[in-house]
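>>> here is my input, please return the structure:
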Amino acid sequence: MLMRKLLSFGLVAAVAGFASSALADGGITVDKEKGQVIVDAKVAPRKMPYLNEIYPIEVIACWGQEKKGEKAHETIVTIDMKPSEVHKALESLGLKPGKPARGEEGVAEGAPLKIYIEVPSQSGGEPRRVPIEKTIVDKKTGKNPGSVKWIFTGSAMRQINPEKEEKIYGADMTGTLIGVFPVTDATVIQSALTMKDEPLLKMETDKKLLGPEGTAVKLIIEAVK
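Residues are numbered from 1 along each chain as shown. This next block holds a predicted model:
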């Protein structure tokens, strides 16, 4: 309980750093007028050299392989910052985290969000901004999953050492920022999809839309008004 209070205090105190209308900090920009948190990211590789196959997409954004992201082989984009920093930025918009889901019976709770991705124009014009759901397609049908509800759940806490009571923000251990299915509760944002949807949706990235591996993009996380 003490560690939870200290963590909560730390997150609230850090929010004071996002005081302006549009302030950038370590790859994160907060635009309070638009109710948006903008996160720098890169298009993730889908084939990992240490794996024999390409696994379906299960998360939207996490640390890459070089930072030992737990879901680096199942993500659309990679990030460099701590997920808790994005948590702080979302709280600076006045949003409150809820509760992450985990497993078959889990139900995500929290403030509703919209998530977009901004990709460079292939013709040299203005960047293109699209809902994040448009960047993934079903491997069999080639179709998008349709509109998806995103939720600011906040992360579960994780115990570092089983012999000690100390716990930390779980997503800062796994590197996961946004999850599609509740395969983990150590994430900042989850969709409203459940584990019942997971066998039906084997997703792959739309490479034509996203561009080559390593392409710099931006995630726009927007509060639903």
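>>> roughly how far does the residue of the chain most remote from its centre sit from residue 157?
Going by Cα atoms, centre = their mean, the residue of the chain most distant from its centre is residue 163, 30.4 Å out. Residue 163 sits 17 Å away from residue 157, going by Cβ to Cβ, to the nearest Å. Heads up, the C-betas are built off the backbone N, CA and C, glycines and all.
>>> show me what the residue nearest in space to the middle of the chain is bridged to.
Centroid-nearest residue in the chain: residue 178, 2.2 Å away (criterion: Cα atoms, centre = their mean). In this entry, residue 178 is beta-bridged to residue 61, residue 189, by DSSP bridges.
>>> where's it relative to residue 89, distance?
Applying Cβ to Cβ to residue 178 and residue 89 gives a distance of 13 Å.
>>> cool, residue 100 as well?
Taking Cβ to Cβ as the criterion, residue 100 is separated from residue 89 by 18 Å.
>>> check which residues of the longest strand anywhere in the chain are buried.
Counting residues, the longest strand found in the chain (DSSP state E) is strand 109-119. Residues of strand 109-119 classed as buried: 110, 111, 113, 114, 115, 116, 117, 118, 119 (neighbour count, 16 or more other Cβ atoms under 10 Å).
>>> pull the CA atoms of it into CSV?
Taking C-alpha atoms only, strand 109-119 is exported to CSV below (Å, rounded to 0.1, in the frame of the first residue of the first chain):
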residue,chain,number,x,y,z
GLU,A,109,-11.6,-0.1,-17.1
GLY,A,110,-10.7,3.6,-17.4
ALA,A,111,-10.9,6.8,-19.4
PRO,A,112,-11.8,6.2,-23.1
LEU,A,113,-9.2,7.2,-25.7
LYS,A,114,-8.8,7.5,-29.5
ILE,A,115,-5.4,6.5,-31.0
TYR,A,116,-4.0,7.6,-34.3
ILE,A,117,-0.8,7.1,-36.1
GLU,A,118,0.9,9.8,-38.2
VAL,A,119,3.0,8.5,-41.0
